[in-house]
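Peer 1: Task: produce atomic coordinates for the following.
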Amino acid sequence: MDEFRGLDRDIEGSAKRWKKWVDSECPEKEKLPQEWKSKSSFQKLIILRALRADRMTYALRNFVEEKLGSKYVDGTRTELIKSYEESSPATPVFFILSPGVDPLKDVETLGKKLGFTIDSGKFHNISLGQGQEIVAEEVLEKAAKHGHWVILQNIHLVVKWLGTLEKLLEKYSKGSHSDYRVFISAEPAPTPEEHIIPQGILENSIKIINEPPTGMLANLHAALYNFDQDTLELSAREQEFKSIFFSLCYFHTCVCGRLKFGPQGWNRKYPFNVRDLTICVDILYNYLEANSKVPWEDLRYLFGEIMYGGHITDDWDRRLCYTYLEEFMSPSLLEGEFALAPGFLAPPNVDYIGYHKYIDEMLPVESPVLYGLHPNAEIDFLTVLSDNLFKTLLEMQPRNLLVGEVAGQSAEEKVKNVLDEILEKLPEEFNMAEIMQKSAIRSPYVLVCFQESIMQSMARKNNWSLDKMCLTIDVTKKTREDYGHPPREGAYICGLFMEGARWDLQAGVIAEARLKDLTPMMPVIFVKAIPADRQETKHIYKCPVYKTKIRGPTYVWTFNLKSKDKPAKWVLAGVALLLAV
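Peer 2: Numbering: from 1, shown residues only. Next up, the predicted model:
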């Protein structure tokens, strides 16, 4: 294209300047080198798409804001009262659930204002499943007669009953009490073929989807929206309550926001939601009332092991959750100048509106650093997000515009042609028996199987008790090529990668990762067995070893790695060793 003629020549001729731009943390905010800085916004987008695809979601957001205005990029909260005003006994309100969004809270809050509460007997909350269908039928009849509100949660769990529900809603839509209302919630189907909600229910209801907000700014505001000025005035111990309350909101935003970083955020996905946060605030209030001193340990235990920890099934994720709380919930929180993240201090003692204002003015721009992660953590997931975005854009284009399509071919024929091409390219199947015989080549996978090749032999050699042995490691300064033979005891292993940080070869400790170097290789590691009581425990980060980037179920072992920084830094950064990337 004429507009980009000479781009290749300029990049080659001014490689340093272009490399500086490409390697910057937010290239979409930097000026392009040379004359390219005078290109139009759209042309700059095209260059960014080619050189840093991972930044496209941020760049497109800026582009839309510049061309159309900020209201097109800011997440807006639809007030439930507006939807309620359009509802009637014949028009239910249907919530399409999103991860981490709990409509019950909004319905309860509105009900409280209008006099429909559980205490008054005018509000009925039914969570479907486990034989609750009969209860729901009885409640609907009662509510229609007396003018009550009913919320039927998770109706997608009772497929066989949905036909009955459709008939009941139709039956009570006429001649019922004018105050009678039905609220419904269900998860969206993963694919169009799996839709199970009857058409009648969907057509007659007001459908609301509150997509979870994205980014720390929107999520921190959203966490606060669950409370009001009355909440902040609950406790007589104002400063302690408000400081811990805000820290709790930040903690909630971190644990929910980490999910987008995939396995480096959490080993497994968890359904953290606003109910966890609101109950924790109640716990905070009760415990401050009952104790003269802030019971830090009790609060951390209740928040980290019972409430949020109640969702967690993985030991390493449990450690991560607890580390967050140790960082955010400690006496130093009340001593002033306490940083919740680099560049973001805990706010001063202000009112409810003041907290929202403080977030808008003081929160740094969106970055993995706000969650304790390294900027590298978002490159992978942003690239995938960007790919999906452009895939969707292509799918939305009129079909006859797509270049290279053979006219008159059906979708099935196209798929068959692609499959035939793939089959032609496939190599012969592996001879598994032959491969198993070659396992003498000690790759990391095989070596981990041999770790028991190490404990037993050293226990026998040194006359140590096997059940009191443990593996210990030394990270050498050498590569595989530097070794010609195995050690006299223990084993050398190579081919491991570090994610979330890097190994400082000279200092022999974990160090901050380098930008865009996502999984640097480790030097050779010497593994040997020693009695457990001789193990070094100070200045150590217990680093999990996983087979792949998926983490979670691929856990293999724990290596104690030396660290000058406190271990919490590496826990929050999701630092792990991987056998394959």
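
Peer 1: So Ala290 versus Ser235, what's the distance?
Peer 2: 12 Å (CB to CB, to the nearest Å). C-beta: built from backbone N, CA, C; applies to glycine.

Peer 1: So for those two, which sits in the more crowded spot?
Peer 2: Ser235 (18 against 9; other CB atoms under 10 Å).

Peer 1: phi, psi of that one?
Peer 2: With angles defined as degrees, to the nearest 10, Ser235 sits at phi -100, psi 140.

Peer 1: Disregarding residues adjacent in the polypeptide, which is nearest to it?
Peer 2: Nearest residue to Ser235 in three dimensions, chain neighbours excluded: Phe241, at 3.7 Å (CB to CB, 6 or more residues apart in numbering).

Peer 1: can you tell me how far Gly257 sits from Leu518?
Peer 2: 20 Å.

Peer 1: if I pick Ile525, what's in contact with it?
Peer 2: Counting by CB atoms under 8 Å, 6 or more residues apart in numbering, Ile525 makes contact with Ile473, Asp474, Val475, Thr476, Tyr492, Ile493, Cys494, Leu496, Phe559.

Peer 1: Helix, strand, or coil at Val527?
Peer 2: Per DSSP: H, G, I helix; E, B strand; the rest coil, the local secondary structure of Val527 is strand.

Peer 1: Give me the pLDDT for Pro263.
Peer 2: pLDDT for Pro263: 92.

Peer 1: mind listing what it touches?
Peer 2: Listed by CB under 8 Å, 6+ apart, the contact partners of Pro263 are Lys549, Ile550, Arg551, Gly552, Gly574.

Peer 1: still on that earlier bit, from Ile155, how far out is the residue nearest to Ser235?
Peer 2: Applying CB to CB, the value for Phe241 to Ile155 is 38 Å.

Peer 1: before we move on, what about Val22?
Peer 2: Per CB to CB, Val22 is found 50 Å from Ile155.

Peer 1: Of the two, give the one with the bigger neighbour count.
Peer 2: The residue with more neighbours, out of Val22 and Ile155, is Ile155; 23 against 16, by other CB under 10 Å.

Peer 1: Who are the contact partners of the residue nearest to the more buried one when sequence neighbours are not counted?
Peer 2: Distance criterion CB to CB, 6+ apart; nearest residue to Ile155, sequence neighbours excluded, is Ala186 at 4.9 Å. Contact analysis of Ala186 by CB under 8 Å, 6+ apart lists Phe94, Phe95, Ile96, Leu97, Asn154, Ile155, His156, Ile197.

Peer 1: Dihedrals phi and psi, Ala186?
Peer 2: Dihedral pair for Ala186: phi -160, psi 150, per degrees, to the nearest 10.

Peer 1: Same question for Leu80.
Peer 2: phi -60, psi -30.

Peer 1: number of nearby residues for the nearest residue to it once chain neighbours are set aside?
Peer 2: Leaving aside its sequence neighbours, Leu80 sits nearest to Asp106 (CB to CB, 6+ apart; 4.7 Å). Asp106 has 24 neighbouring residues, counting by other CB under 10 Å.

Peer 1: For the helix or strand hosting Asp106, buried residues please.
Peer 2: Assigning secondary structure by DSSP states H and E places Asp106 in helix 103-114. Judged by neighbour count using 16 or more other CB atoms under 10 Å, the buried positions of helix 103-114 are Pro103, Leu104, Lys105, Asp106, Val107, Glu108, Leu110, Gly111.

Peer 1: any idea how far Met522 is from the second one?
Peer 2: According to CB to CB, Leu104 and Met522 sit 48 Å apart.

Peer 1: where does the stretch 251-400 of the chain have low pLDDT?
Peer 2: The stretch 251-400 of the chain contains residues with pLDDT under 70 at 398-400.

Peer 1: again, only this time at 80
Peer 2: For the stretch 251-400 of the chain, the stretches with pLDDT under 80 are 395-400.

Peer 1: ok, which stretches of it are helices?
Peer 2: Assigned by DSSP state H, counting those that start in this stretch, the helices in the stretch 251-400 of the chain fall at 274-290, 296-301, 315-328, 352-362, 377-396.
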